[in-house]
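1. what's the 3D shape of this:
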Amino acid sequence: MKIKHALFTAGNSSFYFDDQKAIKNGAGLDGFVYTGKPVTPGFTSVRQAGECISVQLILENGATAVGDCAAVQYSGAGGRDPLFLADNFLPFLEKHIKPLLEGRDVSEFRKNAHFFDELKIDGKLLHTAIRYGLSQALLDATALATNKLKAEVVCKEWNLPVVADSIPLFGQSGDDRYIAVDKMIIKGVDVLPHGLINNVEQKLGHKGEILREYVTWLAKRIKELRTDPSYKPDLHIDVYGTIGLIFDQDPIRCAEYIDSLQEQAGDLALYIEGPVDAGNKPDQIRLLTEITRHLEKLNSKVKIVADEWCNTYQDIVDFTDAKSCHMVQIKTPDLGSIHNIVDAVLYCNKNGMEAYQGGTCNETDVSARTCVHVAIASRPMRMLVKPGMGFDEGLNIVYNEMSRTLAQLKAKG
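-> All right, here's what the predicted structure looks like:
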């Protein structure tokens, strides 16, 4: 089965692009917008509308495969590719990528994914968002051409067992970190709340006191609202390097503070994502490793999650091999082609690292549904509820896609 036509259209993603560095530097909030000037190249304001490019591949049999090129909310930060704006990349896709797609055989996914992931134009790899969207469409095309579910295609090409069991889901609150938590508890999400602790003054506190109060509230609120006493979701909070800021990047002081939060979490498992941002990969691995080792000396139950500077498949391998943390976020758009997501999850599972298949609020329904199939096939420890920051919409998309897919797999035996 071959591709007859390739179409590219500009679209909206489900959230916004935010200049993370400007926010860490103290950009204020005025309603929903941030005040002050952007500092990351490419941004025209600290917060600006998220964009995507939809890829449609019309096959010889008339079926249409779809994928969405999308980039993370904090584009250009932590070693990531720059801002992804549709107007900048549509002409590029038409000129360079369309001729490579039309006429291409899609009976196998993996070799096509590798081709575009490794392709260089003018000496440069394609933007991660383009590789991400193209690979989604190519996986969909192979599924349509072979009459299989996308999860089945992955299992077949990686020689993985088909496991028709759900993956635990992790809800993200955005700045609505109280009302969203109530929603998460009512709907029984497995992991919560993310929390978006990206500012010392307003969200962490100069001694960590604001976050401590928040963890206390989380544990109390779960007990107040749960209808089943056995419901004990994991707490997973992303702090965007702010703990390192208040403790001068001292790993021992960071670890002691992080360990102390378990008292507020009580009997709930606690994960802290991105406690420090060292500004480069080698120092990030070193600092996280030192924090993790000191937590071990303290016999702490709190676990550390790597995010910044852990972007590519090779990054995930390096953070894992260094045993720098307890869990890595596999931030799906940052890995480029989705075959790298599969490989990253499998590497973590094989090497004793907890795999969190994450992503960003700034994705689309199409990319989120594709990620469900990747997760079902590769079996990470948890998967992010996405896209958007409203929680309910993302849970609807991810949970329902997972339920439908699992039902079909079970029906097939």
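
2. which regions of the chain lie under the pLDDT threshold?
-> Counting by pLDDT under 70, the ranges of the chain that qualify are 78.

3. just checking, what's the longest strand in this protein?
-> When the chain is parsed with DSSP state E, its longest strand is strand 3-18.

4. and that one, what other elements does it pack with?
-> Where contact means 3 or more CB pairs under 8 Å, 6 or more residues apart in numbering; DSSP states H and E, strand 3-18 is packed against strand 47-59, helix 86-92, helix 98-101. From N, CA and C alone the C-beta is placed, and that goes for glycine too.

5. only the buried residues of it, if you could.
-> Neighbour counts over strand 3-18 (16 or more other CB atoms under 10 Å) mark I3, A6, F8, S13, S14, F15, Y16, F17, D18 as buried.

6. name the nearest of those residues relative to D190.
-> S14 (21.1 Å; CB to CB).

7. can you pull the contacts of the closest residue to that closest one other than its chain neighbours?
-> With sequence-adjacent residues excluded and distances taken as CB to CB, 6 or more residues apart in numbering, S14 is closest to P387, at 3.4 Å. For P387, the contact set (CB atoms under 8 Å, 6 or more residues apart in numbering) comprises 13-15, 359-365, 367-368, 393-394, 397.

8. and what of A278?
-> Contacts of A278 (CB under 8 Å, 6+ apart): G244, Q249, Q284, R286, L287, W309.

9. distance check, it against E308.
-> 8 Å (CB to CB, to the nearest Å).

10. quick one: common contacting residues for these two?
-> Common neighbours of A278 and E308 (CB under 8 Å, 6+ apart) are Q284.

11. L192: helix or strand, and which one exactly?
-> For L192, the enclosing helix or strand under DSSP states H and E is strand 191-194.

12. for that strand, packing partners?
-> Short answer (3+ CB pairs under 8 Å, 6+ apart): strand 191-194 packs on strand 169-170, helix 179-186, strand 234-238.

13. I figured G336 hits G133, correct?
-> No: counting by CB atoms under 8 Å, G336 does not reach G133; the two are 10.1 Å apart.

14. which one's more surrounded, these two?
-> G133 (33 against 27; other CB atoms under 10 Å).

15. what is the neighbour count of the closest residue to that one other than its chain neighbours?
-> Nearest residue to G133 in three dimensions, chain neighbours excluded: C69, at 3.0 Å (CB to CB, 6+ apart). Residues lying near C69 (other CB under 10 Å) number 32.

16. what is C69 paired to in the beta sheet?
-> When bridges are called by DSSP bridges, C69 pairs up with I53.

17. residue contacts, it?
-> C52, I53, S54, V55, F84, F89, H127, A129, I130, Y132, G133, L134.

18. settle this for me: the first one is touching D365, isn't it.
-> No: at 10.5 Å, C52 does not count as touching D365 under the criterion of CB under 8 Å.

19. between the two, tell me which one has more neighbours.
-> Legend: neighbour count by other CB under 10 Å for C52 and D365, higher for C52 (27 against 18).

20. how near is the more buried one to G31?
-> For C52, the distance to G31 - CB to CB - is 25 Å.

21. next one: G358
-> G358 is 28 Å from G31, by CB to CB.

22. the more surrounded of the two?
-> G358 (27 against 6).

23. wait, what's in contact with that one?
-> F170, D307, Q329, I330, K331, T332, M383, L384.

24. most widely separated two among the contacts of A278?
-> Checking the contacts of A278 with CB to CB, the most distant pair is Q249 and W309, at 13.8 Å.

25. okay, the two: which has more neighbours?
-> W309 (23 against 18).

26. confirm for me that the more buried one is in contact with Q284.
-> Yes: between W309 and Q284 a contact is recorded at 4.1 Å, counting by CB under 8 Å.

27. overlap in contacts of these two?
-> D277, A278.

28. checking my notes, T227 in a strand, right?
-> No: counting by DSSP: H, G, I helix; E, B strand; the rest coil, T227 is located in no strand; its state is coil.

29. please enumerate the helices of the stretch 301-413 of the chain.
-> For the stretch 301-413 of the chain, the helices defined by DSSP state H, counting those that start in this stretch cover 313-321, 339-350, 365-378, 392-412.

30. and the longest one, which residues are buried?
-> Looking back up the chat, that one is helix 392-412. E393, G394, L395, I397, V398, Y399, E401, M402, T405, L406, L409.

31. columns distance to L204 on top of these, output as TSV?
-> Shown next, in TSV, are these (distance: CB to CB, whole Å):
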residue	distance to L204
E393	28
G394	25
L395	27
I397	30
V398	28
Y399	31
E401	34
M402	33
T405	38
L406	39
L409	43
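
32. between the residues you listed, which sits nearest F109?
-> Of the buried residues of helix 392-412, the one sitting nearest to F109 (CB to CB) turns out to be T405, at 16.6 Å.

33. could you report the separation of the residue nearest to the spatial centre of the chain from F15?
-> By CA atoms, centre = their mean, the chain has its centre lying nearest to G359, at 1.6 Å. Using CB to CB, G359 is found at 11 Å from F15.

34. do L395 as well
-> L395 is 15 Å from F15, by CB to CB.

35. and for T292?
-> In terms of CB to CB, T292 sits 30 Å off from F15.

36. swap in A6?
-> For A6 relative to F15 (CB to CB), the value is 27 Å.

37. returning to that earlier point: relative to D175, which of the helices of the stretch 301-413 of the chain is closest?
-> So among the helices of the stretch 301-413 of the chain, helix 392-412 is nearest, using CB to CB, at 15.3 Å.

38. how about E213, what does it touch?
-> Counting by CB under 8 Å, 6+ apart, E213 has no contacts.

39. what angle sits between the helix or strand it falls within and helix 179-186?
-> Element membership of E213 [criterion: DSSP H and E] is helix 209-225. Calculated by axes from the mean of the first three to the mean of the last three CA atoms, to 10 degrees, helix 209-225 forms an angle of 40 degrees with helix 179-186.

40. list the buried residues of helix 209-225.
-> Neighbour-count burial for helix 209-225 [16+ other CB under 10 Å]: I210, L211, R212, Y214, V215, L218, A219, R221, I222.

41. which one of those residues is nearest to V239?
-> L211 (7.1 Å).

42. list the buried residues in stretch 30-46.
-> Y34, P38, V39, T40, F43, S45, V46.

43. on that earlier part again, nearest to D228, out of the contacts of A278: which one, please.
-> G244 (37.3 Å).
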